[in-house]
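Chemist: Let me see the structure of the following:
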Amino acid sequence: MEWQPEPESLRQLTQLLNSTNLADNAVQQQNNQRLEQLSQVPDFINYLLFVLIFMKEESPMVRTVAGLLLKNKVRQDFASIPPQVLDYVVRKSIEGIGDSDTMVRHTLGTVVATVVALGKIGNWPEILPRLMQLLDSSEYAVVEGSWDILRKICEECDHELEKPLSDGTRPLNVMIPKFLTFFSSDSPVLREYAISTVTLFVTQRSECMQPMIDQFVVELFKRANDDNCEVLKEVCKAVVALVKTRPDKLAPELENVVNYMIHTTQHSDPDIAMEACEFWLSFCEQDELVESLKPFLNRVIPTLMRGMVYSEEDLLMLDNDVSDAVVPDSIQDIRPRHHRARTHDHHQGEAAGGAPHSDGGDSDDASAGDDDDDYDSDDDDIYSEWNLRKCSAASLDVMSTAFGDQILEYVLPVLKEELASDDWRIKEAGILALGAIADGCMAGMEPHMSSLMPYLVQWFKHEKALVRSISCWSASRYGKWAVYGAEPNTIKAYFEPLLAGLLEAMMDNNKRVQEAACSAFATIEEVAGIYMVPYILPVLETLIRAFSLYQRKNLIILYDAVGTLAEAVGQELNQPQYAQLLMPTILERWAGLQVDDQHMFPVFECLSAVALSLGPGFKAYAQPIYQRSVQIVADTLQQSQQASQDPSIDPPNKDMVIVALDLISSIVQALGTDSQALIAEHNCVALQLVGMCMVDAETDVRQSAFALLGDLAINCYSLIQPQLDAIMQQLIPQIDRNHSHLNVCNNAAWSAGEIALKAGGEQLSSYVNPLLERLVPLLNNENTPVTLAENAAITIGRLGLVCPAMVAPNLEAFAQRWCFVLASVRDNEEKSSAFQGMMTMISANPQGISKAFLHFCQAAANWQTPSPALLEMFVQTFAGLRQLAGSEWESSIGMLDPQSRHVIKERYNA
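Modeler: All right, here's what the predicted structure looks like:
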């Protein structure tokens, strides 16, 4: 006998569901409380399913709400729901698949897909055959409902569909041929479903898809001129997927494909045009195809440039020339921010004399992010989704990188026409295009910039805010030319007007212009570096004025601009007049922020950069900043521990721990050995917290903890020495041979080297072998990321410096790779101490370098200006090796390249 609901409970549920769309907040709260109570009833799932499927007298909205509650309940409590209940949900949902209401059908599809995704397809082997069978139904609603479930299952279970079931068949081998037949369905909805679903498996390079890829291409191109817009969008997405995964299948018909995409990029429907425009982005990333685009550039480039003009729909959202600087931002206007933990990196420039920083996250790919973000800066967040304008600009950018100055013969005529246009929208698109080609065509644009840059600066004052904002962005893309241009008077003629124009634009009464100008200014600062020094005072005066003008969203960018200035000018900022102008303003805002305020991240990052730049000059401000940072770490760790013990407590945001640890690191670096007194004054609580953070569950917390540990070792070793054993017990396991958490491993390896230098051989001897057991395999593994290999090599060298008798016997095991890795590292104190260690080990075990002799010579030759002490060590080392090699010395040296041979003989008397 089928389950039946209890009438009164069903009545109460439907009454609650009917009132869910009432606007009264009090009623909504009461409903939520009552629903929460009902959800504890054992048959609650069955009640929701009953309303969804059988209560056709209720409105589709009520039935849909019941279905969404059902889906959420299944997702939340899946592990505790009896299998027979799940079976009942799936069976009844499929029976109701042909419901007359589309919204109800799609909700049923969501419910089934959720159950199948959580429980795996193998637990319901009858589902796929039944749905495939229903695709042949004569009732459209049944076919559409079946398709809706199938496409959702394909999205949720794509990898599982690739695997054989218990009978040995792979579901996709049966499904894809059937799906392809629907490319020619009479129903545009079913054509759309079919193309989008099969494209999913093309995108994911499905093994089952490959034998059917030719048929897919044939069926796809039959839809190239489909009369339905949604189908056309899916066709364009499918072509883009083929470009990315199977460009060989497009090559035979490339001319036709390119012509089709040029035509479709100009479609009257902007959504179709945008999907087609993605083709050019993907095309230029395919090395084997990109050159074949040359014959079409004369048509593609003008098409892209036309696509950059604001549409009427864009302007309805964006064309706002009001003076809105005094209008407070809403919370929705501000994007969430995440702090990136600090990583020790030998390739990054040092910030104000402190330890280098990296933008990478805790993964092997520490790339800087998506270049497409460059095309978000000119639009307000209210219209921040990807659109034809941004896609066209990004495509032109990528094309300029692929073809360089070759595209200018097609860009410049259009650009000249657009920049001279009286229509501000066309002029604005030209300015966007000018910025888009900056990276790829800089050399070719240089002869034109002396006339273009003054126009860009002039347009900072254009009557239209959108023109003012895009002009700031475009000008910043040519910042390097303005600073380092070929003309002798570049700074006076171009950089100073650009800087003055941006500073003035930063004070614009339109928030969008403020944002663009401030972002552009930060870019210029970064490019100009030390060239910013003569302008520190007027820049600081403008920044301080901006603090009183900007609303919350733009303040975030302003903090970044201050931090970038500090990084650009370094210790030149350490002048009393600058500190007295800047620090009270920052500290006033910093003191008024609550821990959960989104501004805490940018303010802490700003203070970190300023501290490093002020150096000893930061001492007057350090005490309260250090104290609050330590308190934030302590409070957050305590809250985290409480949350782990009590599920009702929400865990805190550990990003605050990361940003506070990084600020403490900056304070320690700024104050140097004077930071020891500051830490001791607060009972060395920071050291205890660092110990806790080094074993925290979150990798970014551990990453920053080990960065701080290295700084403490450099500046405050006497404080950490009593805890050395506990520290090393925590540190050594984090040097992971598989570098699963790259930046944690990186910082742990670096901090071990700093500790080694301070601890000396007697204190460190018991940790040398455990460290070598981890560092040497990391160094010798050619798959180890470069920065980690460099840190491993430097730390091994430092271990050899303080404990040569323990490390030198292992010299042959790592010497060749060691020399190869460090040969290309820039000369600095870290590399110098590592080489001193290497030469100390060679003295203890000369035979250990024999197989790596040529690599050692190459590394020695690569030193630009070795210090007198290091030079003397090289001379002594080569003298000892020459004596040991005897008659073989000249033949060994003769194997070097001429330049290296000359350096070794002349500089090192060898």
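Chemist: Low-confidence ranges, the stretch 701-850 of the chain, go.
Modeler: In the predicted model of the stretch 701-850 of the chain, no residue satisfies pLDDT under 70.
Chemist: any idea where the helices of it begin and end?
Modeler: 717-720, 724-731, 742-780, 786-802, 804-807, 811-823, 829-844 (DSSP state H, counting those that start in this stretch).
Chemist: Packing partners of the helix or strand following the last one?
Modeler: The one in question is helix 829-844. Counting by DSSP states H and E, the next helix or strand C-terminal to helix 829-844 is helix 853-861. Helix 853-861 is packed against helix 811-823, helix 829-844, helix 868-885, helix 889-893, helix 898-907, with contacts defined by 3 or more C-beta pairs under 8 Å, 6 or more residues apart in numbering; DSSP states H and E. Placement of C-beta: from N, CA and C, glycine included.
Chemist: If we use 7 Å, what do you get?
Modeler: helix 811-823, helix 898-907 (3 or more C-beta pairs under 7 Å, 6 or more residues apart in numbering; DSSP states H and E).
Chemist: where does the stretch 251-400 of the chain dip in pLDDT?
Modeler: 319, 331-342, 344-384.
Chemist: circling back: in CSV: the helices and strands packed on helix 853-861, plus distance to F182.
Modeler: Converted to CSV, the helices and strands packed on helix 853-861 look like this (distance: least, C-beta to C-beta, whole Å):
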stretch, distance to F182
helix 811-823, 56
helix 898-907, 67
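Chemist: what about these, which gets the closest to A566?
Modeler: Across these, A566 has its closest neighbour in helix 811-823 (30.5 Å, C-beta to C-beta).
Chemist: Measure how that closest one sits relative to helix 786-802, angle-wise.
Modeler: 130 degrees (axes from the mean of the first three to the mean of the last three C-alpha atoms, to 10 degrees).
Chemist: tell me the angle of helix 811-823 relative to helix 853-861?
Modeler: Angle, helix 811-823 to helix 853-861, by the same axes, to 10 degrees: 40 degrees.
Chemist: Spatially nearest residue to N510 (excluding sequence neighbours)?
Modeler: Excluding the flanking residues, the one nearest N510 by C-beta to C-beta, 6 or more residues apart in numbering is A465, at 4.3 Å.
Chemist: Likewise for C229?
Modeler: D269 (5.2 Å).
Chemist: how far away is that neighbour from S311?
Modeler: As judged by C-beta to C-beta, to the nearest Å, D269 and S311 stand 11 Å apart.
Chemist: again with T169
Modeler: 49 Å.
Chemist: okay, the two: which has more neighbours?
Modeler: S311 (14 against 11; other C-beta atoms under 10 Å).
Chemist: need the contact list for that one.
Modeler: P270 (C-beta atoms under 7 Å, 6 or more residues apart in numbering).
Chemist: same deal with D650?
Modeler: A643.
Chemist: Now do the SS call for it.
Modeler: Assigned by DSSP: H, G, I helix; E, B strand; the rest coil, the conformation of D650 is coil.
Chemist: Can you give me the distance of it to Q642?
Modeler: Distance from D650 to Q642, by C-beta to C-beta: 10 Å.
Chemist: Check A815 too.
Modeler: As for A815, its distance to Q642 is 51 Å (criterion: C-beta to C-beta).
Chemist: and the two? which has more neighbours close in?
Modeler: Under the criterion of other C-beta under 10 Å, the comparison of A815 against Q642 puts A815 first, with 23 against 12.
Chemist: quick one: that one and A852 touch, right?
Modeler: Yes - if you go by C-beta atoms under 7 Å, A815 and A852 touch, sitting 3.8 Å apart.
Chemist: residues near Q594, how many?
Modeler: Quick note: Q594 (other C-beta under 10 Å) scores 7 neighbours.
Chemist: and if you look at the one 5 residues further on?
Modeler: Residues within reach of H599, counting by other C-beta under 10 Å, total 19.
Chemist: Quickly find the element holding the nearest residue to L388 once chain neighbours are set aside.
Modeler: Distance criterion C-beta to C-beta, 6+ apart; nearest residue to L388, sequence neighbours excluded, is M274 at 4.2 Å. Secondary structure from DSSP H and E places M274 in helix 270-283.
Chemist: Could you check how far that helix is from the centre of its chain?
Modeler: Centre-to-centre, helix 270-283 and its host chain are 23 Å apart (C-alpha atoms, centre = their mean, to the nearest Å).
Chemist: Following that helix in sequence, what is the next regular element?
Modeler: Downstream of helix 270-283, the first helix or strand assigned by DSSP H and E is helix 287-290.
Chemist: neighbouring contacts of that following helix?
Modeler: With C-beta under 7 Å, 6+ apart as the criterion, helix 287-290 contacts P247, F283, C284, A402.
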